[in-house]
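Peer 1: just the structure for this:
(chains A, B, C, D, E, F, G and H)
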Protein chains: 8
Amino acid sequence: MNESALRKVFQQIKSGRISVDEAVSRLRHLPFEDLGFAKVDHHRRLRLGLPEVIFSRGKTPRQVAEIFKRMVARGGNVLATKAGPEHFRAAKKLVRKAEYRELAQAIVLKQDPTKYGKGKVAVISAGTSDIPVAEEALVTAEAMGNEVVHLYDVGVAGIHRLLANRIVLEDARVVIVCAGMEGALPSVVGGLVGVPVIAVPTSIGYGAAFKGLAALLGMLNSCASNVSVVNIDNGFGAGYVASMINRL
Amino acid sequence: MNESALRKVFQQIKSGRISVDEAVSRLRHLPFEDLGFAKVDHHRRLRLGLPEVIFSRGKTPRQVAEIFKRMVARGGNVLATKAGPEHFRAAKKLVRKAEYRELAQAIVLKQDPTKYGKGKVAVISAGTSDIPVAEEALVTAEAMGNEVVHLYDVGVAGIHRLLANRIVLEDARVVIVCAGMEGALPSVVGGLVGVPVIAVPTSIGYGAAFKGLAALLGMLNSCASNVSVVNIDNGFGAGYVASMINRL
Amino acid sequence: MNESALRKVFQQIKSGRISVDEAVSRLRHLPFEDLGFAKVDHHRRLRLGLPEVIFSRGKTPRQVAEIFKRMVARGGNVLATKAGPEHFRAAKKLVRKAEYRELAQAIVLKQDPTKYGKGKVAVISAGTSDIPVAEEALVTAEAMGNEVVHLYDVGVAGIHRLLANRIVLEDARVVIVCAGMEGALPSVVGGLVGVPVIAVPTSIGYGAAFKGLAALLGMLNSCASNVSVVNIDNGFGAGYVASMINRL
Amino acid sequence: MNESALRKVFQQIKSGRISVDEAVSRLRHLPFEDLGFAKVDHHRRLRLGLPEVIFSRGKTPRQVAEIFKRMVARGGNVLATKAGPEHFRAAKKLVRKAEYRELAQAIVLKQDPTKYGKGKVAVISAGTSDIPVAEEALVTAEAMGNEVVHLYDVGVAGIHRLLANRIVLEDARVVIVCAGMEGALPSVVGGLVGVPVIAVPTSIGYGAAFKGLAALLGMLNSCASNVSVVNIDNGFGAGYVASMINRL
Amino acid sequence: MNESALRKVFQQIKSGRISVDEAVSRLRHLPFEDLGFAKVDHHRRLRLGLPEVIFSRGKTPRQVAEIFKRMVARGGNVLATKAGPEHFRAAKKLVRKAEYRELAQAIVLKQDPTKYGKGKVAVISAGTSDIPVAEEALVTAEAMGNEVVHLYDVGVAGIHRLLANRIVLEDARVVIVCAGMEGALPSVVGGLVGVPVIAVPTSIGYGAAFKGLAALLGMLNSCASNVSVVNIDNGFGAGYVASMINRL
Amino acid sequence: MNESALRKVFQQIKSGRISVDEAVSRLRHLPFEDLGFAKVDHHRRLRLGLPEVIFSRGKTPRQVAEIFKRMVARGGNVLATKAGPEHFRAAKKLVRKAEYRELAQAIVLKQDPTKYGKGKVAVISAGTSDIPVAEEALVTAEAMGNEVVHLYDVGVAGIHRLLANRIVLEDARVVIVCAGMEGALPSVVGGLVGVPVIAVPTSIGYGAAFKGLAALLGMLNSCASNVSVVNIDNGFGAGYVASMINRL
Amino acid sequence: MNESALRKVFQQIKSGRISVDEAVSRLRHLPFEDLGFAKVDHHRRLRLGLPEVIFSRGKTPRQVAEIFKRMVARGGNVLATKAGPEHFRAAKKLVRKAEYRELAQAIVLKQDPTKYGKGKVAVISAGTSDIPVAEEALVTAEAMGNEVVHLYDVGVAGIHRLLANRIVLEDARVVIVCAGMEGALPSVVGGLVGVPVIAVPTSIGYGAAFKGLAALLGMLNSCASNVSVVNIDNGFGAGYVASMINRL
Amino acid sequence: MNESALRKVFQQIKSGRISVDEAVSRLRHLPFEDLGFAKVDHHRRLRLGLPEVIFSRGKTPRQVAEIFKRMVARGGNVLATKAGPEHFRAAKKLVRKAEYRELAQAIVLKQDPTKYGKGKVAVISAGTSDIPVAEEALVTAEAMGNEVVHLYDVGVAGIHRLLANRIVLEDARVVIVCAGMEGALPSVVGGLVGVPVIAVPTSIGYGAAFKGLAALLGMLNSCASNVSVVNIDNGFGAGYVASMINRL
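Peer 2: Got it, this is the predicted structure:
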């Protein structure tokens, strides 16, 4: 439509109905996105294999289900995060092939099998309570076309467990580390690997954990230089950033 | 040496001077790093082209100069961050070829010309006051073997300046965004590019900026999913993470 | 009555029953509001077209309904904010014409059709989750006699959407911008318009959003100079301030 | 230049050298600001009578002086905030007519005598220590073409002083209120006037004043609905917002 | 009993059965409270007319009722704060004369009619939502033998209401002021009276009220010098301190 | 003058030059303070024996000296708090009899020997570092006409020192307790006495003392009900409140 | 198993099947824990008498019961903290001998009667509300083989109660002190004893207690030098640290 | 003296000059510490080998020197912490044998060679910047009669360095761990040893380290159960607590 508006200007100038000055003036008052920029955006997600994502918290099962269905229709992978069983049941009714990843509290439909990531993404978690966040990162990275390996329950107070299993880290191109409480694991992992580490503080802990603040501050002050941080409990964000990196 | 200790055990067992049980027992008491792990670390920096880095704040000019000289002797690039002119003068006396990057408050010596980064790193800053942090990121990325482009003073209150120059962003493999005050720029940039964005909150601002806290929180809550964050004023960290990503 | 007390003093002095000194002394001990100041206040709201407002949270449906009814009786528009469906049902029974604005969680009765505002108030929101706060601002501004236009879901990570629709902003005399998470939108909008911008941080977000604190700090530190801020989730306050401005 | 690029496209299409399709495609790849939007910005400040502003803190006297001189050359009023006597002396050498407003710590040159504001701006301060911030607001509003009245040292613990002088408030179209410590004054003033109130928390106080935080929180929670807030010590911002309102 | 132990020592020394050295040694090992200090404490509350107090929150109705009954048996007034209707019903079963002060959420039994306070205690509240805290202060002061007057809903945004009714304040020996949101009322009241003011921040408000923190900080930074502060929502503490003052 | 305006109205009505209606109308427009209320305030301090007080921090020696001199001229006691030796030297030149209380960092001139306080004020401090704040409280209470006793360096980690000297507390009508670090002393003292306790947190301590925040929070949460709190380091406020209480 | 891998290497070298170089190389690639370090860990808990511990919060009764049963099978004492009655009922079904410590909200099974602690651990609490945390510490210390004595409800506002009963403290080798609100008790206790004091802030209190923050800060700033601190409500941690100390 | 007062009472009763009732009454009014409790305290430090300690910060060199001299006269070891070279020079003049421990910023005089500690205290630090705090802990522990070993610069980002040197930890009875930034080291160390760990957060770091807050929160939330925490930069406290433990 806007393109047609533009074409109309061109045809008018071509046919001599308006002058060049007139044409310049008209263009200046056209909203510039109408020149096609917006369309790029409309198709970009699909072209890049970026999944459509629904943040389910605060939405009713019906709302999630309907958005999910609509997104599925556009093609590409679809991911609903922070989704409870009731969200899944509603989505399942509308999209038969939807899968529920219970630990991650995520509903997924993979329609695009492309491997966009060039190597492996490793997801590490400090305690068993951090697993939901770690799984959200894992599911996100998978939905964005990555091979993902994981290593859970390797907290720093039992450092040998991490060391004993560090082979998992060795061929990862990017590592996601989820930890609550003191949030120390990313620093240790950062020192062991030569690739980017995405740290995810979790809200696990009590008292002076202040719902993830302690872990967040710890990670921002990491003495390992290859660590960057996302928001508390933002497993999705970590999976997304890691995917961005892994497709480079 | 440790390897020789190990060899000694092996030779003793080979020659029958000690039993297998005895050998197992001895190994268990050897510090395991002595088996060669530590050595990996001693040479890793050099092999990977990672620069030696000195954090100058809190050190005397003489201290910085001497550490700088020692590091130069190991080969590889050397970088002293948060260094004042007095640090540079002292370093210059000991290392003639040391250069001072005034805006970045950094002393640099490039001895390794290798380009470790596969593409470009873009460094963006919101205000002119954020430039020192941005320059630290830039100098770090250069010292780690990256081609770096930059775009300064493109704050969100004059959004067209960023948009008019976004060509700078377009062929970057990773983007560093430095901003103080409300720290909004990474979100806008994150929405414009399809690559990882490293956000650096700066301590620029006053009052409720709380020395970078406002910008930090803003960046952690970015509505752009490809953004991860480093510590306040941590230009070095951003340059380091970006370099890690760009060499993938 | 108080006026009559005053008249009485005057008549006594006129008739010579009391001296001037006596009269001065008596006046000094009269509560000064009794001289008519308070009455100004009693009628001011009505005269200025300021709506009566009920903050429903923490009140029972019955309480809200009864206050609503009483206020309706005074004439003028009546607005109950943060009202749930159960509050509305109760109010509806007592005031048949009461309307429920579901998104805004507001009950409204417009009895005064006067347009007090001279131009348009624009209400902008960053994400869909910010809409309830934006709608509260919108409903408030309408109840105070303004023409209101709105533009929702134009977050900074998709900056072209805002730019494509900025025509909405162009003829507004005052703009309200609601945003949670990093709260960056007011800065961008502030840079696009030449009128006052009222920023409303919302409690949308999680983790380091700290229930609106991140957005609040971001807005207070806005690099756009035409931005002022109200309390977190205070859509009503924003609508009120904007109305004050628009009637100038 | 960019316009000439655009003209070139138009002339090519006019002359038939390129097709409409070709033209559409070329335009899509032109940076849109090149279509003239940016220019609007270059002249907007001057046209609107918005002063050029320099934030002097952290800049050397020479830097401030040179920027000041450059800005003066563009015409329009020029304002340097947070400027010490040494900044002024340097500026004075380059711009003979520059004036120093000592209380406001501001350097001003008025070249544009236009009254952009339609009515009066009132500036109120709670204590004598808040005067520098109040004066910055006052000077800013004056530099932006407003008539400004002020009323200082009318803190809430001596409420009669404010009440006795409230005539100052009565014909203001917008009121700026500066207060440190508990920041209560804007609420009281907000209750007395029927126009917008811009509250400025100041960093005055000690102990639990936390450098303006107490006043800031107090103002954000004002029980007067016509109050909006700017950053701590941001007298400039308050003057700017008030000017925006007063020219409506 | 302990006194008897002491007497025993004395009688032994008197009768020559133990030496002075021995006596000194024995006394040194007696817990010193046993020398009578503790008893002072056991009877002090009763003698001073201090009520027994139960903090009901977190206790079951049965627990509160039983403690209440036990305390009643000791004589003196008994007060249970933060008590819901279910606590009252349980207490009523065991103590027929117990009264419920619904607004204050307090259960009271007055057994001691003594007027310990020499003058009046005034209780002021800023908004209607602050009344529960104000009532707790009022009930506490009454239970401690004071005449109490009150004045509610006189917030600072309608300052004339307070001024019109300040006669209430005039003959109070001590004033309690309860306010949430910006907590400004104590400063205004403090400026109007020449007696001590006890400020009680309430948790009323939302967003940046941070559950009473804004009001607390405001009150601590009061520009009125006769103001001291108790904990958020601590109506009981305010009533207690005021009673202590009023009996001087 | 205002009274004369009032008298003029009265005489006009008396003489029949204006009607009662006219008189009512005129009074309504007179600022009410002009009816004499303000004058009460002008003389109140002197009549009540309240000292004039100068907060010296942030003022030059000359400024302090001049204000001091002016206040001395009004009669009554004069107190300058937070005054350094340089402030004193300047004041001394203008007011020969001014005294310097070095520990309290206060300049005092006692012109009014009246004992306004009925009993003793006791000032207690936890550590030697808290003495400056304690002395400010002491000097303030003295300047306001109280007999003051003190007891220093009786921190809770050596509880017997306090207990051994508690005779100091026994005949005080009000107790001021100054403490930094954990701020525990007011609770212990509060439990020992049956009179009001004014707690003053000091900024003494380091690390997690957060400049007095730890002590402040401790005092606000005191388990002794007779404790109320003033701002951090606010020895003056404590002395003022205590004086208000002691003159009841 | 890993040891057998190691033995295999040794036997191969002994038998000449591999060279010393080969052996060195192989060892370097074995995960080092496989050399026996990990096994130490596997048996360490049991050997040291450290109980297996389950943090029940956030786990279902069934989950807790099953983990409990599994741990019981390993021998040694088993402890489930933060366990409700429903957790206990489930555990009881699987482990008949499990006991419920209601006040401590802990499920315990003692299978190892060894007294690992050399002396007594004393557990002190300030208020009755702190008892659950104190009991958790007590139960933990018992489960780790200590003799434990306790003294509850000895808050600092009634200091004589603590002093009268301090005999409990006198023969303890380590003291645990639990307190909420102002958290002052550890300082007082620390001054009375000559042994280590472990301070546990509890989340008891309201308003400015900020869920234990006030107590935490108070304890960290204790003026008694023998005090160290664990997390808010971390009775388990305190019991654990105390046990570590008591077995020295 | 007090004992003599007591003896006097006893002799009077013995000689029949006073009755038992009279004696009871007199004792009740004697300060109880006078019964000998205080004396315990006067000699306790010396008997227990506890050093006299001066906190030098905020004291003049002369003040420190004089207190130091006075303490030396009492016998026992003397320690002045946070002492600069100028403090030392002054102390040296008065106490010839005083030694300066530069890294620890401590002045020490050892007069008591007794080894009060039964085993070794290990002091570990994460970075070179943490060494001053670690050295303060070390010097304190030495001054309290302990054998101390140390291990510096073993941060968690280079975990093998710690592991390679953990032999230092193995025969320690108590371990002190100092770390700034993310404060992760105590958790790792806590997992490696079976003895108590005292964690000391340092104020090392910048930005979101918030002067040690990040490290403090990290340590309080340590996932290793044998960790307790002292105040930020409180090396002295850590050394003191460790000494208390080591002498058990």
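Peer 1: chain A: helices as residue ranges?
Peer 2: Secondary structure of chain A (DSSP state H): helices at A:2-14, A:20-29, A:37-48, A:61-73, A:85-94, A:131-143, A:159-164, A:167-170, A:185-192, A:213-220, A:235-246.
Peer 1: you'd agree residue A:134 is up against residue A:176?
Peer 2: Yes - using C-beta atoms under 8 Å, residue A:134 is in contact with residue A:176, at 7.4 Å. (Each C-beta comes from the backbone N, C-alpha and C, glycine too.)
Peer 1: gap between the residue nearest to residue A:20 when sequence neighbours are not counted and residue E:161?
Peer 2: Among residues not flanking residue A:20 along the chain, residue D:10 sits closest, at 4.5 Å (C-beta to C-beta, 6 or more residues apart in numbering or on different chains). Going from residue D:10 to residue E:161 by C-beta to C-beta, to the nearest Å gives 69 Å.
Peer 1: which neighbours do residue A:134 and residue A:176 share?
Peer 2: Listed as contacting both residue A:134 and residue A:176 by C-beta atoms under 8 Å, 6 or more residues apart in numbering or on different chains are A:123-124, A:200.
Peer 1: what's the closest of those residues to chain B?
Peer 2: Chain B has its nearest neighbour among those in residue A:200, at 9.6 Å by C-beta to the nearest C-beta.
Peer 1: and residue A:117, backbone torsions?
Peer 2: When read as degrees, to the nearest 10, the backbone of residue A:117 gives phi -80, psi 140.
Peer 1: what is the neighbour count of it?
Peer 2: Neighbourhood size, residue A:117 [other C-beta atoms under 10 Å in any protein chain shown]: 24.
Peer 1: neighbours of residue A:59, how many?
Peer 2: For residue A:59, the count of nearby residues is 19 (other C-beta under 10 Å).
Peer 1: which residues touch it?
Peer 2: By C-beta under 8 Å, 6+ apart, residue A:59 lies in contact with A:67, A:87.
Peer 1: excluding chain neighbours, what is closest to residue A:172?
Peer 2: Using C-beta to C-beta, 6+ apart and skipping the chain neighbours, the partner closest in space to residue A:172 is residue A:122 (3.6 Å).
Peer 1: tell me the contacts of the one you found?
Peer 2: Contacts for residue A:122 (C-beta under 8 Å, 6+ apart) come out as A:148-151, A:168-169, A:172, A:174-176.
Peer 1: most surrounded residue in these?
Peer 2: Greatest neighbour count in the contacts of residue A:122, by other C-beta under 10 Å, goes to residue A:176: 32 neighbours.
Peer 1: verify the stated contact: that residue with residue A:130.
Peer 2: No - look at residue A:176 against residue A:130 with C-beta under 8 Å: they stay out of range, at 11.1 Å.
Peer 1: helices or strands next to the biggest strand by length in chain A in the packing?
Peer 2: Ranked by residue count, the top strand of chain A under DSSP state E comes out as strand A:172-179. Where contact means 3 or more C-beta pairs under 8 Å, 6 or more residues apart in numbering or on different chains; DSSP states H and E, strand A:172-179 is packed against strand A:120-125, helix A:131-143, helix A:185-192, strand A:197-201, helix A:235-246.
Peer 1: and chain A, which of its residues are near chain B?
Peer 2: A:44, A:48, A:53, A:118-119, A:173-174, A:194-196, A:198, A:216, A:220-221, A:225-232, A:236-238, A:240-241, A:244-246, A:248 (C-beta under 8 Å from any C-beta of the partner chain).
Peer 1: mind redoing it with 7 Å?
Peer 2: With the criterion set to C-beta under 7 Å from any C-beta of the partner chain, chain A comes near chain B through A:48, A:173, A:194-196, A:198, A:220-221, A:225-226, A:228-231, A:237, A:240-241, A:244-245, A:248.
Peer 1: circling back to that earlier point, pretty sure the residue nearest to residue A:20 contacts residue A:23?
Peer 2: Yes - between residue D:10 and residue A:23 there is a contact under C-beta atoms under 7 Å: 5.0 Å.
Peer 1: now the angle between strand A:197-201 and the longest strand of chain A, please.
Peer 2: Relative orientation of strand A:172-179 and strand A:197-201, computed by axes from the mean of the first three to the mean of the last three C-alpha atoms, to 10 degrees: 20 degrees.
Peer 1: could you export the helices of chain A as TSV, including mean pLDDT?
Peer 2: Listed next are the helices of chain A as TSV, based on pLDDT from 0 to 100:
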stretch	mean pLDDT
helix A:2-14	75
helix A:20-29	70
helix A:37-48	52
helix A:61-73	92
helix A:85-94	97
helix A:131-143	97
helix A:159-164	85
helix A:167-170	85
helix A:185-192	94
helix A:213-220	97
helix A:235-246	97
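Peer 1: from chain C, how far out is residue A:81?
Peer 2: To chain C, residue A:81 is 11 Å away according to C-beta to the nearest C-beta, to the nearest Å.
Peer 1: count the neighbours of residue A:116 for me.
Peer 2: Using other C-beta under 10 Å, residue A:116 is surrounded by 15 other residues.
Peer 1: what pLDDT is listed against it?
Peer 2: For residue A:116, the pLDDT comes out at 94.
Peer 1: confirm for me that it is in contact with residue A:51.
Peer 2: No - counting by C-beta under 7 Å, residue A:116 does not reach residue A:51; the two are 10.5 Å apart.
Peer 1: what residues are shared contacts of these two?
Peer 2: Residues touching both residue A:116 and residue A:51 (C-beta atoms under 7 Å, 6 or more residues apart in numbering or on different chains): residue A:144.
Peer 1: what residues are up against the closest residue to chain H within chain A?
Peer 2: Residue of chain A nearest chain H, by C-beta to the nearest C-beta: residue A:184 (3.1 Å). Counting by C-beta under 7 Å, 6+ apart, residue A:184 makes contact with A:156, A:218, H:156, H:182, H:184, H:187, H:218.
Peer 1: roughly how far apart are the second one and residue H:181?
Peer 2: It refers to residue A:218. 8 Å.
Peer 1: next one: the third one
Peer 2: Counting by C-beta to C-beta, the gap from residue H:156 to residue H:181 is 10 Å.
Peer 1: what count of nearby residues applies to the closest residue to chain G within chain A?
Peer 2: Nearest residue of chain A to chain G (C-beta to the nearest C-beta) works out as residue A:207 at 2.9 Å. A total of 23 residues lie near residue A:207 under the criterion other C-beta under 10 Å.
Peer 1: chain neighbours aside, what residue packs nearest to it?
Peer 2: Closest residue to residue A:207 apart from its sequence neighbours, by C-beta to C-beta, 6+ apart: residue G:232 at 2.9 Å.
Peer 1: what's near enough to touch the closest residue to chain F within chain A?
Peer 2: Relative to chain F, the nearest point of chain A is residue A:208 (10.6 Å; C-beta to the nearest C-beta). Residues near residue A:208 by C-beta under 7 Å, 6+ apart: A:214, G:216, G:231-232, H:217, H:220-221.
Peer 1: can you tell me the closest non-neighbouring residue to it?
Peer 2: Nearest in space to residue A:208, with sequence neighbours left out and distances taken as C-beta to C-beta, 6+ apart, is residue H:220 at 4.2 Å.
Peer 1: list the contacts for the closest residue to residue A:101 other than its chain neighbours?
Peer 2: Among residues not flanking residue A:101 along the chain, residue A:139 sits closest, at 5.0 Å (C-beta to C-beta, 6+ apart). Going by C-beta under 7 Å, 6+ apart, residue A:139 touches A:101, A:104, A:106, A:108.
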